[in-house]
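Student: Next one to model:
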Amino acid sequence: MNPNDSHNQGGYDQGVCFSVPSEEERFISIGKKATLLILCGICILFLVNVKRYNFISDDSFITLRYARNLVQGEGLVFNPGEKVEGFTSMLWTLLLSLCGLIGIDLLAAARILGVVAGLNTIILTYRLFYALNASPVQSVLGLFAPLMLAVNGAFACWAGSGMETALFVCLTVGSYLMVLEERWVLATVLTSACILTRPEGMLVFGLLFLFQFIRAWGDKKRLWLGWLLACGITASGLVAFRLFYFQDWLPNTFYAKTGGEWNQIIRGFRYLAEYCADYEGLLLMAAPVGYFLLVGELKSRFLAVTAVALWGATVWVGGDGLPMYRFALAPLPFLLVLQGRLIKNLCRHVIKSSRYSPKKVGYGLVIVALFWAVIHLSNPIVGSHYRLYEYQKKVEIPRWTLIGKLFKENASKQDSLAAVPIGAVSYYSELYVYDMLGLTNKHIARLEIPQTEMGWTGHEKHDGQYILSQKPTYLLLGNIDVTNKPRNPQSRPFIPYFNKYIWEREKDMFETDLIFKMYAPRSVEIAPDQYLNFYELREEFR
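Tutor: Alright, predicted model coming up:
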């Protein structure tokens with residue numbers, strides 16, 4: 001039999017002749033029925049964790065607006081008539097558009113699809129462990145990675161956020177699994193979908209090609225070339241469509257969120273350091289990667305390289321300005337699988353040494369699993385990640401949703417507004433919206449960032465005088481300022497700045513007196529003891 005023909009469901013090579021399972025293998029083995037029951041329990045635990053976080057990201061409403069405009073015949077646009085790729089995921093936008101076409105609520109569809117993708121990721125991660133395992137014995141440690149993924153707060157948070165995060169993780173793990181098992185039809189579908197889901201999909205495709213090229217060296221059978229050709233056509237087609245429709249090589253969001261050079265990379269390392277401090281720690285993350293890079297077989301080394309490459313990409317873009325470590329999730333399943341394999345190797349070594357009985361090793365495994373699970377289940381305490389998540393969930397997202405609906409009911413369809421952030425406000429108001437950060441604006445997205453500016457990641461680019469020149473009807477400054485009583489309209493600026501990062505991105509609005517000549521300060525009650533403070537364009541300038 002061909003040792004490369006590994007299409008069996010167990011994930012190990014059929015062409016390998018296995019010896020009788022050793023004592024240590026029998027000790028950590030588990031039956032299929034027990035495995036299935038535990039996996040079901042893990043999936044239920046994940047759903048409980050998703051409900052616990054119950055988070056909706058403001059950025060998800062940007063994609064929802066694109067999807068709604070496409071359904072309504074406006075095209076892939078944020079504002080009608082303006083072809084700017086202000087979303088990150090082509091596939092996610094198209095999937096949501098299909099849901100909209102058949103009458104499903106877009107936000108509900110986005111959240112359900114994300115949770116389904118999360119459940120599939122858990123199962124695929126379990127399968128990935130056995131794709132690396134050269135043993136027919138099912139190990140209880142194969143459940144380690146799925147369990148840690150299910151209890152991980154960041155994974156649960158983003159699975160139900162309405163964004164494409166969980167789908168990208170799912171497609172990445174699925175692509176690797178299918179390539180490792182040489183199931184080329186499924187590998188083609190999943191890798192092509194991964195390319196269409198996020199810009200990092202190109203990196204995933206490149207890594208998979210490198211692995212397969214090394215693995216197939218000297219092999220006359222080139223069945224994988226069909227996968228390479230199909231995925232290459234997908235990548236080329238995406239770039240060609242982007243050039244034709246948006247006149248850009250990359251999404252506009254890429255230009256809007258990059259350009260900080262060394263400051264950006266420094267922030268990326270800080271993001272990595274905060275994640276390490278909140279979860280496993282640098283040693284527990286680096287140990288399995290270093291171990292398998294040095295002494296692992298090709299497949300394990302490949303997963304270790306992937307984890308490093310995905311984290312390297314995150315560092316290069318400066319981490320993420322959103323809470324709860326969204327960009328840490330793509331490498332997470334690979335790290336967990338490697339950690340599970342390292343623990344299995346250590347257990348095997350300990351039992352072989354005869355220093356400890358299998359019973360004592362079993363107790364040790366339980367303690368390790370509980371320790372790891374508590375780490376992943378615990379709320380982040382380093383930096384502002386958890387505080388920002390809670391504030392957005394309980395205060396900002398409901399507030400911005402309410403404000404968007406307020407403008408929908410009271411503003412004219414010819415009116416426009418400029419704001420940061422733009423998600424829920426733009427989706428519910430349905431007005432023409434100027435994004436002051438440039439996610440949906442080519443002019444701002446291509447500005448150079450002064451190296452002296454260190455704001456929130458992806459929130460540094462701004463051009464206040466340009467925004468004023470566009471004469472939006474409403475200016476929602478100060479991160480959409482809401483207070484328990486109206487602000488003093490005689491104050492300059494009308495909305496004070498207590499956050500240095502918000503001031504940094506909006507201070508150029510006040511470089512001239514134009515804002516005071518063109519705009520009048522206003523305060524409107526949006527709820528009991530809640531006043532929205534904003535600037536409204538004077539009649540003579542309309």
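Student: what's around Y271, how many residues?
Tutor: Counted with other CB atoms under 10 Å, residues neighbouring Y271 total 24. (Glycine included, C-beta is placed from N, CA and C.)
Student: so which helix or strand takes in it?
Tutor: helix 261-278 (DSSP states H and E).
Student: Pull out the buried residues from that helix.
Tutor: 263-264, 267-268, 271-272, 274-276, 278 (16 or more other CB atoms under 10 Å).
Student: The helix or strand following it packs against which elements?
Tutor: Note on helix 261-278: by DSSP H and E, the next helix or strand toward the C-terminus is helix 282-295. The helices and strands touching helix 282-295, judged by 3 or more CB pairs under 8 Å, 6 or more residues apart in numbering; DSSP states H and E, are helix 261-278, helix 298-316, helix 332-352.
Student: angle of the second one against helix 282-295?
Tutor: I take that to be helix 298-316. 140 degrees (axes from the mean of the first three to the mean of the last three CA atoms, to 10 degrees).
Student: how deep is the residue lying closest to Y53 once chain neighbours are set aside tucked in, by neighbour count?
Tutor: With CB to CB, 6 or more residues apart in numbering as the criterion, Y53 has its nearest non-adjacent residue at 4.2 Å, and that residue is C157. Using other CB under 10 Å, C157 is surrounded by 27 other residues.
Student: L322 is in contact with C157, correct?
Tutor: No: applying CB atoms under 8 Å, one finds C157 not in contact with L322, separated by 10.1 Å.
Student: Please point out which parts of stretch 361-372 sit buried.
Tutor: Residues of stretch 361-372 classed as buried by neighbour count (16+ other CB under 10 Å): 361, 365, 369, 372.
Student: Adding distance to S175, write those residues out as JSON lines.
Tutor: Formatted as JSON lines, those follow (distance: CB to CB, whole Å):
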{"residue": "V361", "distance to S175": "35"}
{"residue": "L365", "distance to S175": "31"}
{"residue": "A369", "distance to S175": "28"}
{"residue": "W372", "distance to S175": "26"}
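Student: Return the subset of the residues you listed lying in helices.
Tutor: Using DSSP state H, the members of these that fall within helices are 361, 365, 369, 372.
Student: Doesn't S523 belong to a strand?
Tutor: Yes: S523: assigned to a strand according to DSSP: H, G, I helix; E, B strand; the rest coil.
Student: What is the nearest of the ones in helices among the buried residues of stretch 361-372 to P288?
Tutor: W372 (12.2 Å; CB to CB).
Student: And the pLDDT for the closest residue to the closest one other than its chain neighbours?
Tutor: Spatial nearest neighbour of W372, chain neighbours left out: M148 (5.8 Å); criterion: CB to CB, 6+ apart. At M148, the pLDDT value in this model is 95.
Student: Relative to S384, which of the buried residues of stretch 361-372 is nearest.
Tutor: Using CB to CB, W372 comes nearest to S384 of the buried residues of stretch 361-372, at 24.8 Å.
Student: Pull up the gap between the closest one and T172, please.
Tutor: 22 Å (CB to CB, to the nearest Å).
Student: Would it be right to say that H459 lies in a strand?
Tutor: No: applying three-state DSSP, one finds H459 to be coil, outside a strand.
Student: close enough to count as contact, it and V420?
Tutor: Yes: H459 lies in contact with V420 (CB under 8 Å); the separation is 7.4 Å.
Student: what do the two both touch?
Tutor: Counting by CB atoms under 8 Å, 6 or more residues apart in numbering, the common neighbours of H459 and V420 are 437, 505.
Student: And the contacts of stretch 112-128?
Tutor: For stretch 112-128, contacts defined as CB under 8 Å, 6+ apart pick out 11, 39, 42-43, 46-47, 50, 95-96, 99, 142-143, 145-146, 149-150, 155-156, 158-167, 169-170, 173-174, 176-177, 180, 303, 333-334, 336-337.
Student: Is there a neighbour count for A373? I'd like the number.
Tutor: 17.
Student: If I look at it, what pLDDT would I see?
Tutor: At A373, pLDDT is 85.
Student: What does the pLDDT read for the spatially most central residue of the chain?
Tutor: Against the mean C-alpha coordinate of the chain, by CA atoms, centre = their mean, the closest residue is T165 at 3.5 Å. T165 carries a pLDDT value of 97.
Student: F87 belongs to a helix, doesn't it?
Tutor: No: F87 sits outside any helix when classified using three-state DSSP, being coil.
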